[in-house]
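Engineer: what follows is a predicted structure for the sequence shown.
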Amino acid sequence: MALSLEGVDDSVVIERIQHLKHHPDWDERICHFIASQPPERAAFLVREAILKPESPYEKWLFRDVRLASRCLKDFLPTPEISLLRDELGLRFLPLVLDMGNGRNLHYCSGLRELVWEVLPELKSEAVGTALVLQCETASKYSGIYLNAARALAKLGDKRGVVALIALCQEKGEENNVYRYDATETLGDLGVVSQDVISTLIERCLDRDENINVRNYAMKGLGKLGVTSPEVVDVLIELCESEEKYEKVEPMHALAKLGDERSVAALIALCEGETSLASLWHGTTRGRYTFDEMEEVTEEASIRYAAAELLGKLGEAHGIAELVALCQDGEVRVNIRINAAEVLALRGDKRGGDTLVELCHHPDRDFRLVAAKSLAKLGNARGIETLVALSSFVREGA
């Protein structure tokens, strides 16, 4: 049913819209009606019928602002429409600048999603100007600078990327938490530019850098998907580090890239003089202890991580290593389960068979883990085992 208000007095139109605007069956019709009006009248109706009356409850929910922005989405930027869009966008500014600072609990994930749904639609020049001003005046040791830069970048403004790069390069213990957020954002944005790539590489290679900043820089190179020699060479170099903790993130980044040289580097990390399965022979307790973790050699950990990444890519060498791991009864049970799950997720029957076998393991903890893996795949045997284990727990209680 359309909203039939053509030719009706404005006071009646405003009253009807105010009465219906929060009804889920009418908001789309209201948008269509206002979108059909001339720009000046549309702006008037948005101000008088949707944004008024403004109760504290609606101000907190941003529900009216969301509806108003939807009504204006398809209008060309006339003076009336542009002014109203700026006003709506600036209402979100305090919310944007406080995001992630944890001071105001009502800035929940749902409102964050709403912000990034509405602001790009509004295309407000005033919001961009305000965010640039914040970047120019706020300290790089503050969440306000980070949030302003991140918001600019998400809105497609190159000045936001420049500000994020500047924050990444501003080394200091007091602002490390903001710097690794900025580094993560550069990877997540997917903005492929030489400045971004150079910044991430610089952060990766700086061994005096904060470890979180370095890790996010490595992840970012993987997310950008650039397979140039410059990027791949850096990641391969980091994989050759003497420190185990420095190898893991660049390995994951190489797997993300998935090009020929990256895969070859992972295969090299997976290979060794002895079989990978033999490195994982031994018993495994139901839950790791620190002593048990110390028993795992660096070679075993790195080679298994490479095999798992290769297996997820469907690479033959990785698949062969995972099959050997899950079919060797001497291999630690948790490793057999992990390897089998990777195979099963790729539709390899050998992985599923191993998980079914481990549903009969004498240790209840391992039966449970194997059954959960099967249940995720929709396997009836896993679901049956979970039901049996839950019945056992209830009876024991």
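Structural biologist: Everything's here; your move.

Engineer: tell me the contacts of residue 133?
Structural biologist: By CB atoms under 8 Å, 6 or more residues apart in numbering, no residues touch residue 133. Yep, even glycine has a C-beta here, placed from its N, CA and C like the rest.

Engineer: and it, what helix or strand is that in?
Structural biologist: helix 125-137 (DSSP states H and E).

Engineer: who's in contact with the residue nearest the centre of the chain?
Structural biologist: Nearest to the mean C-alpha position of the chain, by CA atoms, centre = their mean, lies residue 188 at 7.6 Å. Contacts for residue 188 (CB under 8 Å, 6+ apart) come out as 220, 223.

Engineer: what strand or helix carries it?
Structural biologist: helix 176-189.

Engineer: cool, and residue 151?
Structural biologist: helix 143-154.

Engineer: how close does the residue nearest to the centre of the chain sit to residue 222?
Structural biologist: 11 Å (CB to CB, to the nearest Å).

Engineer: low-confidence ranges, the stretch 1-150 of the chain, go.
Structural biologist: Applying pLDDT under 70 to the stretch 1-150 of the chain picks out residues 1-7, 99-109.

Engineer: can you pull out the helices in it?
Structural biologist: For the stretch 1-150 of the chain, helices defined by DSSP state H, counting those that start in this stretch occupy the ranges 10-20, 27-35, 39-45, 56-61, 63-72, 79-91, 93-98, 109-122, 125-137, 143-154.

Engineer: what does the third one rub up against?
Structural biologist: Residues outside helix 39-45 that contact it (CB under 8 Å, 6+ apart): 10, 13-14, 17, 34-35, 37, 71-72, 75-76, 78, 80-81, 83-84.

Engineer: ok, these vs residue 247, which is closest?
Structural biologist: Lowest distance from residue 247 to the contacts of helix 39-45 (CB to CB) belongs to residue 72, with 51.2 Å.

Engineer: is it true that that closest one touches residue 84?
Structural biologist: Yes. Here residue 72 reaches residue 84: they are 6.5 Å apart, a contact under CB atoms under 8 Å.

Engineer: any residues in contact with both of the two?
Structural biologist: Common neighbours of residue 72 and residue 84 (CB under 8 Å, 6+ apart) are 43, 46.

Engineer: which of the contacts of helix 39-45 are buried?
Structural biologist: Neighbour counting by 16 or more other CB atoms under 10 Å classes 13, 14, 17, 34, 37, 71, 72, 75, 80, 81, 84 among the contacts of helix 39-45 as buried.

Engineer: residue contacts, the second one?
Structural biologist: In other words, residue 14. Going by CB under 8 Å, 6+ apart, the list of residues near residue 14 reads 45, 48, 49.

Engineer: from those, pick the one nearest residue 196.
Structural biologist: Nearest member of the contacts of residue 14 to residue 196, counting by CB to CB, is residue 45, at 43.2 Å.

Engineer: count of neighbours near that closest one?
Structural biologist: 21 (other CB atoms under 10 Å).

Engineer: in stretch 224-240, what's buried?
Structural biologist: Under 16+ other CB under 10 Å, the buried positions of stretch 224-240 are 224, 226, 231, 232, 234, 235, 236, 238, 239.
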